[in-house]
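Chemist: model the following, please.
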Amino acid sequence: MKCKLHSLAWVALTVGILAIPGLGCSGTSEQSESPDPPKPKTVQIEKTVKVEKTVKVESKAEPEPKPEQTAEPTADKDQQEPDEMTCEVGQECDLGESSVTVTNAEQTKSISSFGETLEGDYVVVEFDYTYGGNTPVDLDEPPFQLSDEDGNTYSLNFDATSSYGIEEDRSLIYETVQPGVTAPGTAIFEVSPNASDFTLFVVDLVSPQANEAAMIPLPDSAQASSSSAQNSETSSVDSELDSFVSSYYEAVGRKDWSGTYSMLDAQSQSVFTE
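Modeler: Predicted coordinates:
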């Protein structure tokens with residue numbers, strides 16, 4: 001490059017002079033630039049090494065599925081019937097809003113009905129009813145039932161119940177009850193002649209469906225009557241004996257031998273003289 005520039009300058013200064021071909025640049029031969037020596041190359045050799053690694057895997061036994069537990073069906077509380085409570089004769093039976101107390105129960109063969117006599121086998125139940133509402137209420141027939149030991153069920157005898165209740169001032173049929181005021185009532189059932197071991201089923205007279213029910217076992221009237229008669233007879237004999245002993249020894253105290261002799265029975269008088 002330097003040679004070329006030198007030649008051009010010389011030519012410009014010596015216009016008209018023929019240049020001699022082959023003339024070198026200031027006697028100096030053109031030297032080509034030698035390339036830089038190649039740089040050493042860095043060769044990266046990748047070597048893949050296969051490494052085998054044994055991994056110990058402990059297998060855990062899967063737990064056995066637990067048997068499905070089937071829940072026992074439970075009845076809806078609304079569908080469960082409430083347990084019937086049991087009361088006794090003479091005990092106040094709380095039915096929820098109101099209460100019933102059976103004061104007496106007996107069997108009879110006849111019912112007085114407005115000057116007439118109804119013959120049959122009857123169970124007469126007398127009870128007291130206390131209404132727990134807030135306003136007076138008119139009643140219908142007592143919705144009571146009676147059952148015997150054979151499972152027979154008896155409904156109320158309207159005629160006997162009505163007539164007896166009116167005569168004894170214990171009628172609650174078509175009567176008006178006042179809040180908190182106890183009213184006497186009667187329920188009479190005509191039963192089988194051989195029936196016994198009765199149980200009375202009572203409910204609220206005003207709202208039988210909305211309140212509780214109760215079972216009241218009734219005493220056996222025949223057995224009670226027999227026991228009562230026997231006790232009465234025994235008591236009478238004891239009373240007569242006490243009276244005889246007291247009179248006899250009073251006569252002895254007075255030395256009334258004629259009186260004591262007269263108190264002896266015929267067998268004793270045949271053994272002893274006056």
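Chemist: just the helices in this structure please.
Modeler: Secondary structure of the chain (DSSP state H): helices at 2-13, 158-167, 221-253, 257-262, 266-271.
Chemist: and the pLDDT at Gly16?
Modeler: Note for Gly16: predicted pLDDT of 44.
Chemist: Glu58 too?
Modeler: 53.
Chemist: can you pull the contacts of the closest residue to Val203 other than its chain neighbours?
Modeler: The shortest distance from Val203 to any non-neighbouring residue, by C-beta to C-beta, 6 or more residues apart in numbering, is to Ala213 (4.8 Å). Every residue, glycine included, has its C-beta placed from N, CA and C. Going by C-beta atoms under 8 Å, 6 or more residues apart in numbering, Ala213 touches Glu84, Met85, Leu95, Phe201, Val202, Val203.
Chemist: can you turn the buried part of those into a PyMOL selection?
Modeler: Those of these that count as buried under 16 or more other C-beta atoms under 10 Å are selected in PyMOL with:
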select buried, resi 95+202+203
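Chemist: and which of the contacts of Ala213 is nearest to Asp256?
Modeler: Nearest to Asp256 among those, counting by C-beta to C-beta, is Val202 at 63.5 Å.
Chemist: surely that closest one touches Val100?
Modeler: Yes. Val202 is within contact range of Val100, at 5.0 Å (criterion: C-beta atoms under 8 Å).
Chemist: overlap in contacts of these two?
Modeler: With contacts taken as C-beta under 8 Å, 6+ apart, Val202 and Val100 have Cys93, Phe127, Ala214 as neighbours in common.
Chemist: most neighbours among the residues you listed, which one?
Modeler: When neighbours are counted by other C-beta atoms under 10 Å, Phe127 leads these with 25 neighbours.
Chemist: isn't that one up against Ile188?
Modeler: No. Here Phe127 lies out of contact with Ile188, judged by C-beta under 8 Å, at a distance of 11.5 Å.
Chemist: where does the stretch 51-200 of the chain have low pLDDT?
Modeler: Applying pLDDT under 70 to the stretch 51-200 of the chain picks out residues 51-83.
Chemist: just the strands in it please.
Modeler: 85-86, 92-94, 99-113, 116-130, 137-138, 145-147, 153-154, 176-177, 182-190, 199-203 (DSSP state E, counting those that start in this stretch).
Chemist: out of those strands, which is closest to Leu241?
Modeler: Closest among these, using C-beta to C-beta: strand 99-113, at 31.4 Å.
Chemist: what is the orientation angle of that closest one with strand 182-190?
Modeler: If you take axes from the mean of the first three to the mean of the last three C-alpha atoms, to 10 degrees, strand 99-113 sits at 50 degrees to strand 182-190.
Chemist: same for strand 99-113, what does it pack against?
Modeler: strand 92-94, strand 116-130, helix 158-167, strand 199-203, helix 221-253 (3 or more C-beta pairs under 8 Å, 6 or more residues apart in numbering; DSSP states H and E).
Chemist: which ones are touching the closest residue to Asn134 other than its chain neighbours?
Modeler: Spatial nearest neighbour of Asn134, chain neighbours left out: Pro179 (5.6 Å); criterion: C-beta to C-beta, 6+ apart. Neighbouring residues of Pro179 by C-beta under 8 Å, 6+ apart: Tyr131, Gly132, Gly133, Asn134, Thr135, Pro136.
Chemist: likewise for Tyr154?
Modeler: Tyr154 sits next to Val123, Gln145, Leu146, Ser147, Asp148, Phe189, Glu190, Val191 when contact means C-beta under 8 Å, 6+ apart.
Chemist: run the last query once more with 7 Å
Modeler: With contact taken as C-beta atoms under 7 Å, 6 or more residues apart in numbering, Tyr154 is in contact with Gln145, Leu146, Phe189, Glu190, Val191.
Chemist: just flag the most distant two among those residues.
Modeler: Farthest-apart pair in these is Gln145 and Glu190; separation 12.9 Å (C-beta to C-beta).
Chemist: save the contacts of Ala213 as TSV, and put in distance to Asp256 too.
Modeler: Listed next are the contacts of Ala213 as TSV, based on distance: C-beta to C-beta, whole Å:
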residue	distance to Asp256
Glu84	69
Met85	66
Leu95	68
Phe201	65
Val202	63
Val203	69
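Chemist: before I go, just wanted to say thanks for your time.
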